[in-house]
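> give me a model of this one.
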Amino acid sequence: MSLFAIGDFHLSGEPPYKPMEVFSPAWANHFEKIRQNWLERITAEDTVIICGDTSWAMSLDTAMQDLNRIAALPGSKIILRGNHDYWWTSLKKMQQATENKFMFLQNNFFACGDVAVCGSRGWLLPSSDNFGEEDKHIYEREGIRLENSLAAAKKAGYAKIVAAMHYPPLYKADEVTIFTELFDRYGVTHCVFGHIHGQDAANMFEGEARGVRYKLVSCDTQGFVPQLVLP
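Presented below is the predicted three-dimensional model:
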């Protein structure tokens, strides 16, 4: 039973009404690439974290075609919200619509063996050039959501914690944010995140910092391959 992560599918139905290859030829037929790589690596006993920006849909009903294609793939699926997931609604509505085929991560946690998967969407960081007062409000709210998730896992007795986010929780190895402080406080050892695409990935910190191993998992930056987090 292994834990994998991947993110930023940016699906839009089949055929796609918003084809992603306008951004790069690498995106051509990208869900089929994800599907084939998933089938080669993921078994029914595995769990996959999907780190947001799953569908361009503006409503849950419209997103169902994309969600159903993912649900048909093997393994359990933990999914969190990205900044483009406008279809996201209440946990109850999403669970009912998807017939509990996904675990929706928001103010909660999910167990994968003896590991707790916690997380939040995250937001722009104060070090961003365009970080404003409204961003500060959202940033702090996402910190509260992350702490709700981490505290629930700790209360349930989990010592091994993986954090999943959409936005990066830090840009540089020595950066301290509300998210990195929570990782330290609650003993997080791994963090997976998305949001970053293309050439911007070269400027993003990945690796170990202050006891946490950080990994970017946006699908285009990983050759559309789900990344192993814990075997």
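> which residues are in contact with the residue nearest the centre of the chain?
For the chain, the residue sitting closest to the mean C-alpha position, by C-alpha atoms, centre = their mean, is C51 at 1.3 Å. By C-beta atoms under 8 Å, 6 or more residues apart in numbering, the contact list for C51 reads 5-8, 80, 82, 164-166, 192-195, 217-218. Yep, even glycine has a C-beta here, placed from its N, CA and C like the rest.
> same check on L124?
So L124 contacts 130-131, 135, 138-139, 167 (C-beta under 8 Å, 6+ apart).
> likewise R213?
Taking C-beta under 8 Å, 6+ apart, one finds 189-191, 207 in contact with R213.
> how far away is L80 from F109?
11 Å (C-beta to C-beta, to the nearest Å).
> what's the closest of the contacts of C51 to G157?
Proximity of those to G157 was ranked by C-beta to C-beta; the top entry is A164 with 19.9 Å.
> give me the element that closest one is part of.
Using DSSP states H and E, A164 sits in strand 160-165.
> that strand pairs with which strands, and in what direction?
Strands that pair with strand 160-165, judged by DSSP bridges, come out as strand 115-120 (parallel), strand 188-193 (parallel).
> farthest from the middle of this structure: give me that residue.
Distance to centre of the chain, C-alpha atoms, centre = their mean, peaks at E133 (25.1 Å).
> okay, it: pLDDT?
As predicted, E133 sits at a pLDDT of 96.
> elements contacting the helix ranked longest in the chain?
Secondary structure of the chain per DSSP state H: the longest helix is helix 133-155. Applying 3 or more C-beta pairs under 8 Å, 6 or more residues apart in numbering; DSSP states H and E, we find helix 133-155 packed against strand 115-120, strand 160-165, helix 178-186.
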